[in-house]
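K.L.:
here is my input, please return the structure:
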Amino acid sequence: MGQPPLGTPILSAGRTCTRIVRANRLGFAIDFETYYAAAREALASARKSIILLGWDFDPRVRLEPYPTRNANRIGPYLNQLKRERPELDIRILIWAMALPMAAQHRFFPQRTGFWLDNGIHFHLDHTSPYGASRHEKILVIDDRLAFCGGGDFSVGRLDTVDHPDKARWRVTPTGMPYPPRHDVMMLVDGEAARSLGEHARERWREATDENVPAPEDEPTSQREGTSWPKPIFPIARDIGVGLIHTVPTPGDRPLERVNEALYLTAIRAARKLIYLENQYFTSPVIREALAARLAELDGPEIVMICTYRAPSYFDHATMDSARDIFVARLRRADAFNRFRAYTPYTAGGRPIIVHSKIAIIDDRLLRIGSTNLNNRSFGYDTETDVAFEATDGDTGLAIALAEVRAALVSHFLGPKGARFAAAYTERRSLIEAIDLADGETRRRLRPYVPRRHGWVQNLIARWHIGDPRDTSDAWRPWRRQQ
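P.N.:
Next up, the predicted model:
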């Protein structure tokens, strides 16, 4: 494959990211007890504007796991903010999902408007290409703080980092229990937040033909004094971050595939370790890039964290069998025993749904966003990721990246997390550390075993039905046969 020379940046504006901007602070939230708590605090500090982009939205969703007042549900909470501050401009732009999918969600977000006060601007986005989705998840407050990552204010998202087997609060608004779930969000401020705000307003303009002015800038002294949400600790300060946007183009117009290019460049640049958490692993381009690194004598370890089985019928039919092909191909390419795919489980043995989209390359690059490792996220759906890179000699950022990865793995292992940290310090191999810490019985991170599928699922997987690369092959699956 050929590695780039040491010191060559992975992030490059126009090549592997849309743009590079500065963030005064950057942090991340593991799982949604933390994210929702941080978002609630950030929303409470809003002075002028709130804009939310999402794949789904349900105003009945609680912002904390334990029984609370109705105002702690996202819809009533936004209503309360608007009543207390009538001048606050609140806008919510959500993908207009197809009716069969909306029916599974009890016709939310379509019914959301009935739950929100008239002063809140709520709009369903019908502008995506037919069959594509607006999949990005962004929350911007006053252009001062911005969250970006894998999750919405939607049913079945809220969970705690210990992922209990059973929890009275882990139920839908109608009282139905849902499975343990893992997700990750990133938080930035400064120029990075303003840039995400600009992107959100452009999405609003495209969907509604309405130009929304940016909130008036404030003196630097006031801006620096804004509160950073206490539930999230900044892991980096005054840092350049790459914003990676995927917006599909109509017809056969070429698409700037910086999203895919960043993954491929990062995979080529890896020296010791590629760590991936993702909801889907189906992209043949990514699969072959990883397989090429496994074939190298001195290539990196590759660790995947994935769901055992997709929770929805559509995802199970279109993505699970393709993921099994993905994993089986990497196992065949693993000539030097450097590849593992794991599925996380609770202490009592319940599978945890992995919805996060995160990549950590060595102690060098961290990427969090809405992008799945499937075809459609690279050119068919609308996505946004945020990434930052530790340059050579920046030991502080390298340590922060290593701590992020350790926190992610440790949280899956529960009480075994301390044992993992010691094993990794000793062995310097993530695979060996996980296997040593987790033991042989009642594993929390179990090796993922590809399953056998019938001819229908194999056909779907081979032709990537439901997983087009872009608008040009949306109805031409023969273009994407494996």
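K.L.:
how deep is residue 442 tucked in, by neighbour count?
P.N.:
Using other CB atoms under 10 Å, residue 442 has 12 other residues around it. (Each C-beta comes from the backbone N, C-alpha and C, glycine too.)
K.L.:
does it count as helix, strand or coil?
P.N.:
Secondary structure assignment for residue 442 (DSSP: H, G, I helix; E, B strand; the rest coil): coil.
K.L.:
spatially nearest residue to it, not counting backbone neighbours?
P.N.:
The shortest distance from residue 442 to any residue other than its chain neighbours is 7.1 Å, reached at residue 349 (CB to CB, 6 or more residues apart in numbering).
K.L.:
for the one you found, helix, strand, or coil?
P.N.:
Residue 349 is classified as coil under three-state DSSP.
K.L.:
that one reaches residue 441, doesn't it?
P.N.:
No - in this structure, residue 349 is not within contact of residue 441 by CB atoms under 8 Å, at 10.9 Å.
K.L.:
helices along the stretch 301-450 of the chain, start to end?
P.N.:
Here the stretch 301-450 of the chain has its helices, by DSSP state H, counting those that start in this stretch, at 313-315, 321-333, 395-413, 417-427, 430-438.
K.L.:
dump those to JSON lines, plus mean pLDDT, mean neighbour count and distance to residue 51.
P.N.:
Shown next, in JSON lines, are the helices of the stretch 301-450 of the chain (pLDDT from 0 to 100; neighbours: other CB atoms under 10 Å; distance: least, CB to CB, whole Å):
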{"stretch": "helix 313-315", "mean pLDDT": "68", "mean neighbour count": "12", "distance to residue 51": "28"}
{"stretch": "helix 321-333", "mean pLDDT": "93", "mean neighbour count": "20", "distance to residue 51": "34"}
{"stretch": "helix 395-413", "mean pLDDT": "94", "mean neighbour count": "18", "distance to residue 51": "27"}
{"stretch": "helix 417-427", "mean pLDDT": "89", "mean neighbour count": "15", "distance to residue 51": "37"}
{"stretch": "helix 430-438", "mean pLDDT": "94", "mean neighbour count": "20", "distance to residue 51": "38"}
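K.L.:
what mean pLDDT does stretch 54-71 get?
P.N.:
Throughout stretch 54-71, pLDDT has a mean value of 83.
K.L.:
buried stuff in stretch 239-252?
P.N.:
Neighbour-count burial for stretch 239-252, counted by 16 or more other CB atoms under 10 Å, picks out 239-248.
K.L.:
return the distance of it from the chain's centre.
P.N.:
Relative to its parent chain, stretch 239-252 has a centroid offset of 15 Å by CA atoms, centre = their mean, to the nearest Å.
K.L.:
if we can go back for a sec, restricted to strands, list the buried residues of stretch 239-252.
P.N.:
For the buried residues of stretch 239-252, membership in strands holds for 239-246, with DSSP state E as the criterion.
K.L.:
nearest to residue 196, of the residues you listed?
P.N.:
Closest to residue 196 out of these is residue 243 (6.9 Å), distances taken as CB to CB.
K.L.:
and that closest one, what's its pLDDT?
P.N.:
What the model reports for residue 243 is a pLDDT of 98.
K.L.:
how is this protein partitioned into domains?
P.N.:
24-237, 239-480 (automatic domain parsing).
K.L.:
do you know how far the closest residue to residue 305 other than its chain neighbours is from residue 195?
P.N.:
Once its chain neighbours are removed from consideration, residue 305 has its nearest residue in residue 277; the separation is 4.3 Å (CB to CB, 6+ apart). Using CB to CB, to the nearest Å, one gets 25 Å for the distance from residue 277 to residue 195.
K.L.:
please identify which of the two sits among more neighbours.
P.N.:
For residue 277 versus residue 195, the count of surrounding residues by other CB under 10 Å is larger for residue 277: 26 against 22.
K.L.:
what bridges to that one?
P.N.:
residue 305, residue 358 (DSSP bridges).
K.L.:
I'd assumed residue 37 was in contact with residue 160.
P.N.:
No - applying CB under 8 Å, one finds residue 160 not in contact with residue 37, separated by 10.7 Å.
K.L.:
out of the ones in strands among the buried residues of stretch 239-252, which is nearest to residue 182?
P.N.:
Checking those against residue 182 by CB to CB gives residue 244 as the nearest, at 21.7 Å.
K.L.:
re earlier: which one of the helices of the stretch 301-450 of the chain lies closest to residue 80?
P.N.:
The stretch from those with the least distance to residue 80 (CB to CB) is helix 395-413; that distance is 32.1 Å.
K.L.:
so what does that closest one touch, helix or strand wise?
P.N.:
For helix 395-413, the helices and strands in contact under the criterion 3 or more CB pairs under 8 Å, 6 or more residues apart in numbering; DSSP states H and E are strand 19-30, strand 236-246, strand 273-277, strand 358-361, strand 365-369, helix 417-427, helix 430-438, strand 445-447.
K.L.:
now the helices of the stretch 301-450 of the chain in CSV, with distance to residue 303?
P.N.:
Written out in CSV, the entries for the helices of the stretch 301-450 of the chain read as follows (distance: least, CB to CB, whole Å):
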stretch, distance to residue 303
helix 313-315, 22
helix 321-333, 11
helix 395-413, 8
helix 417-427, 12
helix 430-438, 5
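K.L.:
any idea which of these gets closest to residue 367?
P.N.:
Evaluated with CB to CB, the helices of the stretch 301-450 of the chain place helix 395-413 nearest to residue 367, the distance being 10.8 Å.
K.L.:
list of residues touching the closest one?
P.N.:
28, 30-31, 161, 182, 184, 235-236, 239, 275, 277, 305, 344, 352, 358, 360, 362-366, 388, 390-391, 417-421, 424, 430, 434, 437-438, 444-445 (CB atoms under 8 Å, 6 or more residues apart in numbering).
K.L.:
how far off strand 273-277 does it point, in degrees?
P.N.:
Put simply, helix 395-413 runs at 50 degrees to strand 273-277, going by axes from the mean of the first three to the mean of the last three CA atoms, to 10 degrees.
K.L.:
residues contacting residue 315?
P.N.:
When contacts are counted by CB under 8 Å, 6+ apart, residue 315 is found next to residue 280.
K.L.:
revised request: answer the last question for residue 22.
P.N.:
With contacts taken as CB under 8 Å, 6+ apart, residue 22 has the following neighbours: 190-192, 238-241.
K.L.:
mind jotting down where the strands sit in the stretch 51-200 of the chain?
P.N.:
Counting by DSSP state E, counting those that start in this stretch, residue ranges of the strands within the stretch 51-200 of the chain are 89-95, 121-125, 138-141, 145-149, 181-182, 184-189.
K.L.:
next, format these as TSV and append distance to residue 378, mean neighbour count and mean pLDDT.
P.N.:
As requested, the strands of the stretch 51-200 of the chain are arranged in TSV below (distance: least, CB to CB, whole Å; neighbours: other CB atoms under 10 Å; pLDDT from 0 to 100):
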stretch	distance to residue 378	mean neighbour count	mean pLDDT
strand 89-95	18	23	97
strand 121-125	20	18	96
strand 138-141	18	26	98
strand 145-149	17	28	98
strand 181-182	23	23	97
strand 184-189	20	27	98
